[in-house]
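Chemist: mind folding the following:
(chains A and B)
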Amino acid sequence: DAGVTQSPTHLIKTRGQQVTLRCSPISGHKSVSWYQQVLGQGPQFIFQYYEKEERGRGNFPDRFSARQFPNYSSELNVNALLLGDSALYLCASSSGLALDNEQFFGPGTRLTVL
Amino acid sequence: RKEVEQDPGPFNVPEGATVAFNCTYSNSASQSFFWYRQDCRKEPKLLMSVYSSGNEDGRFTAQLNRASQYISLLIRDSKLSDSATYLCVVSVGMDTGRRALTFGSGTRLQVQP
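Modeler: Sure thing, here's the model as predicted:
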């Protein structure tokens, strides 16, 4: 069975631009979470979506938004990009609502903002 | 103070050695605890959950001390394939009443032949 997939793999943008990252969860998983991982740090929680509703939000500015589609795939949008947004963006899926369930991570999208 | 603190390492150990990692967390209301493993330039993967009574999975033993807000991971008989970054993860409550996972910065282990 396919694991969590993310696209694109790599992305280069300039300051002020907008970016959309995509994630497809493991088949049957209804929860999708997004994390930002800056080099040398652990992943930081951005959002959780379950059954197309936002169920949790981390300490990120409103420039970050997300949504989940009826097929449980998800998009993360970041507006007005800053240099500090350069990071690996990880998507994780799980079968249940609780984040205490095992989170299965995708390979990530590496975003570079110039 | 960070919510989850780990020694960044690196820990350089020979094959066959026993190595221990420690982690402290600041939120006494934390309810769930995990160790994730992240290989270089790869995604994190769950290594094991950590239970109050302590738990073992093969060569790996995890301990939790709620009073001291301290978690440990012990790896016995280290293998070259154990070389990775080990992330301490704690679930904390958010304002919404839901919980979120908070990751430490990770401890890097390098097992030498």
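Chemist: only C-alpha atoms for contact and neighbour calcs from this point on.
Modeler: Noted.
Chemist: ok, then the element right after the helix or strand of chain A with the lowest mean pLDDT?
Modeler: Using mean pLDDT, DSSP states H and E, strand A:53-57 stands out as the lowest-scoring helix or strand of chain A, at a mean of 89. Downstream of strand A:53-57, the first helix or strand assigned by DSSP states H and E is strand A:64-68.
Chemist: list the contacts of B:Arg1.
Modeler: Applying Cα atoms under 8 Å, 6 or more residues apart in numbering or on different chains to B:Arg1 gives the contacts B:Ser26.
Chemist: an error on my part: the question was meant for A:Val19.
Modeler: A:Lys13, A:Asn77, A:Val78, A:Asn79, A:Leu81.
Chemist: again, but for B:Ala29
Modeler: B:Ala29 neighbours (Cα under 8 Å, 6+ apart): B:Val92, B:Gly93.
Chemist: give me that answer again for 10 Å
Modeler: B:Arg66, B:Gln69, B:Ser91, B:Val92, B:Gly93 (Cα atoms under 10 Å, 6 or more residues apart in numbering or on different chains).
Chemist: what segments of chain A are helices?
Modeler: Counting by DSSP state H, one finds no helices in chain A.
Chemist: low-confidence ranges in chain A?
Modeler: By pLDDT under 70, the low-scoring segments of chain A are A:1.
Chemist: who in it is up against chain B?
Modeler: A:33, A:35, A:37-48, A:55-58, A:88, A:90-92, A:97-108 (Cα under 10 Å from any Cα of the partner chain).
Chemist: cutoff 7 Å now
Modeler: A:40-45, A:56, A:99-100, A:102, A:104-108 (Cα under 7 Å from any Cα of the partner chain).
Chemist: distance-wise, check the closest residue in space to B:Ser26 that isn't next to it in sequence relative to A:Phe105.
Modeler: Leaving aside its sequence neighbours, B:Ser26 sits nearest to B:Glu3 (Cα to Cα, 6 or more residues apart in numbering or on different chains; 5.0 Å). To A:Phe105, B:Glu3 is 22 Å away according to Cα to Cα, to the nearest Å.
Chemist: what about those two, which has more around it?
Modeler: A:Phe105 (26 against 14; other Cα atoms under 10 Å in any protein chain shown).
Chemist: list of residues touching the longest strand along chain B?
Modeler: Of all segments of type strand in chain B, defined using DSSP state E, the longest is strand B:84-93. Contacts to strand B:84-93, defined as Cα atoms under 7 Å, 6 or more residues apart in numbering or on different chains, come from residues A:100, B:23, B:29-40, B:99-110.
Chemist: buried sites along that strand?
Modeler: For strand B:84-93, burial by neighbour count (16 or more other Cα atoms under 10 Å in any protein chain shown) applies to B:Ala84, B:Thr85, B:Tyr86, B:Leu87, B:Cys88, B:Val89, B:Val90, B:Ser91, B:Val92.
Chemist: likewise stretch A:99-114?
Modeler: Those buried within stretch A:99-114 under the rule 16+ other Cα under 10 Å are A:99-100, A:102-113.
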